Each structure stands twice: as structure tokens, then as C-alpha cells.
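# starting from these lines, generate the structure:
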Amino acid sequence: MRRFHAMGMAMSDMGKCANCARAMAGPEQKFCPACGQPTPAHRIDWHFLGHELEHSVLHMDRGVLYTLKRLMLRPGLLIRDYIEGRRAGIVKPLLLIMMTGAAATVMAHYALDGDALGASLTAGMEAGAGHQSDMNAKQAEAMARMGKVFGVVKDWMNRHLTLITLLLLPVQAAAFKLTFRRFKQINYPEWLVITSFLMAQLFVVWTVFMPLQRWWSDAQAVMVLVAVLLNVFSLTQVFPGYSRWKAFLRGAAGWAIVQVVLMVATLIGAIVLGVLVGSGRIQLPG
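Just a heads-up that it's a prediction; the model follows:
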């Protein structure tokens, strides 16, 4: 009890920094000049938590909603501000992508029973064996097995959506750096930041469109088109003075490279899994 009492006294001490114990010049000094700690350090109570929620999350001049508002309405300007150092009130891109990715995962769980990628990715293959009259029994069985293999791959991707997104960020950054190679002033780490904002933007669009997939069979295709167009449009705002059509085409080319890499990686994963299934090392469910 003495220790907690002492801690409470330390937080209420207006004359010293609670973090490094440096003496403050007076009550008008809001931050410690040595370590940057806000002063005084208030005790964590309901008022403190409410204040943090309002100013860190809900406040429209800073925090998550402010960042999301600019990301969806003026995305290129937000990205340019962050790259050029005007970062006050903007949520860090990696934190933003984790939050929007979590929102998309939760939405997929409740709206689509966890199937964020959509059953259409494997439905065609699974139904192929039953609709191809010119197939013999072995070919039909192989087609059905391959459909199940792609289903397993898709289920794994659904469960690790945020991880896959983070793994794709370096690929997407490299693709855009390649297609925008004339802009040598933007280095690869800065492209990682840009692609993080673009991926967070994609997650927002995904979260909005996912509930529609239950009633609208084309919702996923429209969502992909909207997300890609919004991403490419965002890139046209990042480079002031440069032709928007050229920026649009370079952005589209970068996205095409990412999609090819993703398709090849998915195909390789399915082939490896198919080989393991064929050798009997892995058993498919059902």
C-alpha cells in the first residue's frame, strides 16, 4: 500500500517530471524538456480514459477518424504530408494497417463466417468435375481434389489475412518503386509507408463491401475494382506537377505486378500442398 501511495504522490507532484524526475519551470510547462513526458502525469481513471479516447481516437483533428477521413477523401495529400514530415495528428501507418486489418477480419467473421476472400475463388474448381462431361473418372477426381486443395489454401489465407497483407507490403513497395522509378527522391522505406496507407485504404473498402456479399454476388469483384482505382487515384495525388494519367498508368502497372506475384505464390502453395496430399503426407478435410 505504501508503494502505491508513493506512486500516487509522485503523479501528483507538480514540480517534477514523473518519468525522469527533472524539475519543472512551472505549471505553464506542459512537457518535460528532458524526456518529452507530458506534465503533470495524471492518474489513470475513467476521466483519463475518456479523455484519451476522445483525443486519440474520436477527435476529428487528430487520431484514427481524422486519419481515415483524409485517407478516403484526400489520400494522396495525406501520404505526401506524412512523407514530407507533416505528421501531427496522423496515425502511424503500420498501426493504421493493423487496426483496419483487424476491423476487416472481424467484419469477415460476422458478415461472411470468416470467408473474407469469398467462396467464388474455389467454387468453380470444385464444381468443374461435375460439369465436365468429357472428363473420365480419374480426371474428375483430380479436378475435385485440386478444388479442395485451393479451398484449403483459401481458408489458410482467410485465417492469416493480416499476416499475408504485411508480407505483401515489401512486394507492393518494390513494384511501385519499379514502376515509379523516375522518382528517385522517394526511397524504398518511404514506399513501404506509402503502400501501408494504400493497404489500410483497401481494408476500409473491404470492410464496407463485405456485408454486401451475402446479397450481392458481384460485390467482391466491385470491391476489388473500387479499391484498386482508389489506390491508383491516391498515387496520382502524391506527385504534384506530374501527369495524372502517367501516374495512373504507373500505379496500375504496379498493382498488376503485385497481383501476378500473389497469383504465382498462391499457385505454388497449391501445387506444393497438392504434392503433399498426393504423397499421403497430408490428408484433406472431408
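
# is it true that residue 235 touches residue 246?
No: proximity of residue 235 to residue 246 does not meet the contact threshold set by Cβ atoms under 8 Å, at 10.6 Å. Where you see a C-beta, it was placed from the backbone N, CA and C, and this is true even at glycine.

# and residue 46, how far is that from residue 170?
According to Cβ to Cβ, to the nearest Å, residue 46 stands 42 Å off from residue 170.

# revised request: answer the last question for residue 202.
Per Cβ to Cβ, residue 202 is found 16 Å from residue 170.

# for residue 159, same thing?
Taken as Cβ to Cβ, the span from residue 159 to residue 170 is 21 Å.

# quick one, helices of the protein?
2-12, 46-53, 63-73, 75-83, 93-111, 120-131, 137-159, 161-179, 188-209, 219-238, 244-278 (DSSP state H).

# ok and the third one relative to helix 93-111, angle-wise?
Same thing as helix 63-73. Helix 63-73 and helix 93-111 are oriented at 80 degrees to each other (axes from the mean of the first three to the mean of the last three Cα atoms, to 10 degrees).

# now helix 63-73: average pLDDT?
Across helix 63-73, pLDDT averages out at 87.

# in it, what's buried?
Using 16 or more other Cβ atoms under 10 Å as the test for burial, helix 63-73 gives 63, 64, 66, 67, 68, 70, 71, 72.

# tally of neighbours for residue 221?
Neighbour count of residue 221, defined by other Cβ atoms under 10 Å: 13.

# how much space is there between it and residue 63?
With distances taken as Cβ to Cβ, residue 221 is found 33 Å from residue 63.

# any idea how far residue 69 is from residue 104?
Residue 104 is 18 Å from residue 69, by Cβ to Cβ.

# sorry, that was for residue 191
The gap separating residue 191 from residue 69 is 24 Å, by Cβ to Cβ.

# also residue 30?
From residue 30 over to residue 69 the distance is 27 Å, taken as Cβ to Cβ.

# higher neighbour count, residue 46 and residue 170?
Using other Cβ under 10 Å, the more surrounded residue of residue 46 and residue 170 is residue 170, with 13 against 7.

# grab the nearest non-local neighbour of the more buried one.
Nearest residue to residue 170 in three dimensions, chain neighbours excluded: residue 192, at 7.0 Å (Cβ to Cβ, 6 or more residues apart in numbering).

# ok, now which ones touch the one you found?
169, 170, 173 (Cβ atoms under 8 Å, 6 or more residues apart in numbering).
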